[in-house]
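A.B. asks: Whatever this is, show me its structure:
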Amino acid sequence: MPQRKRLHRTFNAKLLSAIFTMTLFTHSVFAAAPPQIHIDSGLIEGNVDNAVLSFKGIPFAAPPLGDLRWRPPQPVQPWQGVRAAKEYGADCMQKPFAGDAAPLGVTPAEDCLVLNVWRPANKAKKLPVMVWIYGGGFVNGGSSPAVYSGAQFAKNGVVFVSFNYRVGRFGFFGFPALSQEFPNEPKGNYGYMDQIAALQWVQRNIKAFGGDPNNVTVFGESAGGASVHMLLTSPLARGLFHKAIAQSGGGRGSLMGERSLSESKPGLPSAEEIGINFARKHGIEGSDAAALAQLRALSAEKIVDGLDLNALFIPMKAPTYSGPINDGKIVVGTPQDIYRRGENIKVPIITGANSADLGFTVAPTKDALFAAFGSQRDAAQVAYDPDGTLPLPLLKNMAGMDKVMVEPARFVVREFAKQNLPAYEYRFSYVAQSMQHEWKTGAPHATEIPYVFDTVRGKYGENVAPEDKAIARIANSYWVNFAKTGNPNGNGLPQWPRYDTQRDELMNFSADGSVKALVDPWRARLDATASVAEHTK
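C.D. replies: Presented below is the predicted three-dimensional model:
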């Protein structure tokens, strides 16, 4: 009998061990099962990694090829079965920029109208949604760079979306025959049309990912920040988002001039005239439907024609690239004028710029630089160079970035505050520890991005310092809080005051690694810059 009991106990132990092993195996199989989601065009299958689900390369519009080149984004053809959504699709066709702060992760192609979604792996619903718009001067950029990963946003309870929009001549192009075909369609700003189409896709589909279509934040940097201003002032973007963040996006006017689709002005040729210039460069004469057919038959490489951020600023007697266009349907005026009239979309906003941001001025001497301030010449000289000791190149950079990026950001928060809308201004002055020997005048254009995304390790690798990580955690938390509530503040964070025109306070991500609110130390500089902007048309 004792032997039988021992055999019985041994058998039970082995049985329990087998059941436990099978349970672990079954759990691991199901835990690792690729996630699948139904969207309006079919079933997609993504990835799960480190408590985050991701779906990449999802078409939000038909490939803009052949006769669809220079057409508004068209509906996706639904597919049967399961479509893999595990890898980035192609970024939009361009000549990659060697010095890009966010290098592309895939090879560009003309078939590029895809988007990507990250969300937490738990089953939470009605999560806030953030939609990212990349920069690149409207000629470069894409959604595939490693620093644009939405994983950290997802870990913090956000459904994050990034997408591609057409750039260069694919995204912004005018031609007389284009204006005549399909006359009811918007013309010229095809990249902007892609942005609106992506936001429409979000409204139709984001609920399937657990996102709340009634709590969408758009945010972007540089050309992406300028795109946020376009969305805030475009009649075609109403109802598509509920909060906005513009990082180094200006806010007064277009960085490439207020160019018309068909009306040329002195020194500012129309988009159609520029399109004719481009056609002639490639041996295509005329401006009729036959000429347009020849343009559409050109290879994608010939449409690019060497255009990138370097080539963008090369003076040309007969320019061949227009950039964004005042088309009267999507772009209906300057942000400055629309904000002043209070005709913008009424949402909370964060905006700001970096301490060594992008800007342009061609003044050959200090006298010429300060003379450009007109009646504010003396005030400007005192504000910028009180001791007369700063070198001209540095002064040109300071005045240029104030004109292009810094003062327009203050202008925007002031206008929103006047409309009693929540507005928050920042200045990003922090420089990565490993770059402080190189970036001595401040934080350059676009260097805030890996902090906002909390992807500093992807940017700086083994050189990332604890101080870098700390700033990234704070910046990402502010952006997430704003997406959730319309207010960036939260537990454990330095208080970020809502903008008030009398106090003129902003949140400074300081060079020393502290994060604190302060009265704008550049107030006198920006007042002089604003005086010029207010009297310039």
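A.B. asks: What are the boundaries of the strands in the stretch 401-537 of the chain?
C.D. replies: Remark: strands of the stretch 401-537 of the chain, listed N- to C-terminal, are 423-428, 505-509, 515-519; assignment by DSSP state E, counting those that start in this stretch.
A.B. asks: Sheet-wise, list the partners of the second one with their directions.
C.D. replies: Sheet partners assigned to strand 505-509 using DSSP bridges are listed as strand 423-428 (parallel), strand 515-519 (antiparallel).
A.B. asks: can I get these in TSV with mean neighbour count?
C.D. replies: The C-beta positions use only the backbone N, C-alpha and C, and glycine is treated the same way. As requested, the strands paired with strand 505-509 are exported to TSV (neighbours: other C-beta atoms under 10 Å):
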stretch	mean neighbour count
strand 423-428	26
strand 515-519	14
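A.B. asks: would TSV of these with mean pLDDT and distance to residue 536 be doable?
C.D. replies: Converted to TSV, the strands paired with strand 505-509 look like this (pLDDT from 0 to 100; distance: least, C-beta to C-beta, whole Å):
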stretch	mean pLDDT	distance to residue 536
strand 423-428	98	22
strand 515-519	98	27
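A.B. asks: which stretches of the stretch 401-537 of the chain form helices?
C.D. replies: Listed in chain order, the helices found in the stretch 401-537 of the chain under DSSP state H, counting those that start in this stretch are 407-418, 449-452, 456-460, 466-485, 523-534.
A.B. asks: Among those, which comes closest to residue 88?
C.D. replies: Evaluated over the helices of the stretch 401-537 of the chain, closeness to residue 88 peaks at helix 456-460, with 14.5 Å, by C-beta to C-beta.
A.B. asks: buried ones in that closest one?
C.D. replies: By neighbour count, and taking 16 or more other C-beta atoms under 10 Å as the criterion, the buried residues in helix 456-460 are 456, 457, 458, 459, 460.
A.B. asks: That one - contacts with which helices or strands?
C.D. replies: Of the remaining helices and strands, those touching helix 456-460 by 3 or more C-beta pairs under 8 Å, 6 or more residues apart in numbering; DSSP states H and E are helix 449-452, helix 466-485.
A.B. asks: Show me which residues of the last one are buried.
C.D. replies: The neighbour-count criterion (16+ other C-beta under 10 Å) identifies 468, 471-484 as the buried residues of helix 466-485.
A.B. asks: what residue ranges in the protein are flagged as low confidence?
C.D. replies: Judged by pLDDT under 70, the chain has its weakly predicted residues at 1-32, 255-256, 537.
A.B. asks: and the longest strand seen in it, which strands flank it?
C.D. replies: For the chain, the longest strand by residue count, based on DSSP state E, is strand 211-221. Sheet neighbours of strand 211-221, with direction, are listed as strand 127-133 (parallel), strand 243-247 (parallel) (DSSP bridges).
A.B. asks: In TSV, list the strands paired with strand 505-509 along with distance to residue 47.
C.D. replies: Supplementary listing: these in TSV, determined by distance: least, C-beta to C-beta, whole Å:
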stretch	distance to residue 47
strand 423-428	32
strand 515-519	34
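A.B. asks: host element of the nearest residue to residue 289 once chain neighbours are set aside?
C.D. replies: Counting by C-beta to C-beta, 6 or more residues apart in numbering, the nearest residue to residue 289 once its immediate chain neighbours are dropped is residue 177, at 5.0 Å. Remark: residue 177 resides in helix 176-180, with elements defined by DSSP states H and E.
A.B. asks: helices or strands up against the helix or strand containing residue 292?
C.D. replies: Using DSSP H and E, the element containing residue 292 is helix 289-297. In terms of contacts (3+ C-beta pairs under 8 Å, 6+ apart), helix 289-297 is packed against helix 176-180, helix 271-281.
A.B. asks: Can you list the buried residues in it?
C.D. replies: Buried, per 16+ other C-beta under 10 Å, within helix 289-297: 291, 292, 295, 296.
A.B. asks: Would you format the residues you listed as JSON lines with distance to residue 250 included?
C.D. replies: Shown next, in JSON lines, are the buried residues of helix 289-297 (distance: C-beta to C-beta, whole Å):
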{"residue": "291", "distance to residue 250": "35"}
{"residue": "292", "distance to residue 250": "32"}
{"residue": "295", "distance to residue 250": "31"}
{"residue": "296", "distance to residue 250": "33"}
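A.B. asks: still on that earlier bit, with residue 351 as the reference, name the closest of the helices and strands packed on helix 456-460.
C.D. replies: helix 466-485 (11.4 Å).
A.B. asks: What lies in contact with the closest one?
C.D. replies: Under the contact criterion C-beta atoms under 8 Å, 6 or more residues apart in numbering, helix 466-485 has outside partners 128-130, 152-153, 156-158, 215, 217, 219, 243, 245, 348, 350, 424, 430, 432-433, 448, 450-457, 460, 487-490, 493-494, 496, 507, 509, 513, 515.
A.B. asks: that older thread, looking at the buried residues of helix 289-297, spot the one nearest residue 371.
C.D. replies: Proximity to residue 371 was ranked across the buried residues of helix 289-297 by C-beta to C-beta; first place goes to residue 295, at 44.2 Å.
A.B. asks: my guess is the closest one meets residue 279, correct?
C.D. replies: Yes: at 5.9 Å, residue 295 and residue 279 qualify as touching, with contact defined as C-beta atoms under 8 Å.
A.B. asks: what's the overlap in contacts for those two?
C.D. replies: residue 175.
A.B. asks: Helix or strand: which one has residue 48?
C.D. replies: Per DSSP H and E: residue 48 is located in strand 47-49.
A.B. asks: Check which helices and strands that strand sits against.
C.D. replies: Using 3+ C-beta pairs under 8 Å, 6+ apart as the contact criterion, the neighbours of strand 47-49 among helices and strands are strand 52-59.
A.B. asks: and the strand it packs on, which strands flank it?
C.D. replies: Going by DSSP bridges, the partners of strand 52-59 are strand 47-49 (antiparallel), strand 114-120 (antiparallel).
A.B. asks: Contacts made by the longest one with the rest, please.
C.D. replies: Contacts with strand 114-120, where a contact means C-beta under 8 Å, 6+ apart, come from 46, 51-60, 88-90, 127, 143, 149-151, 153-155, 157-164, 198, 201, 206, 209-211.
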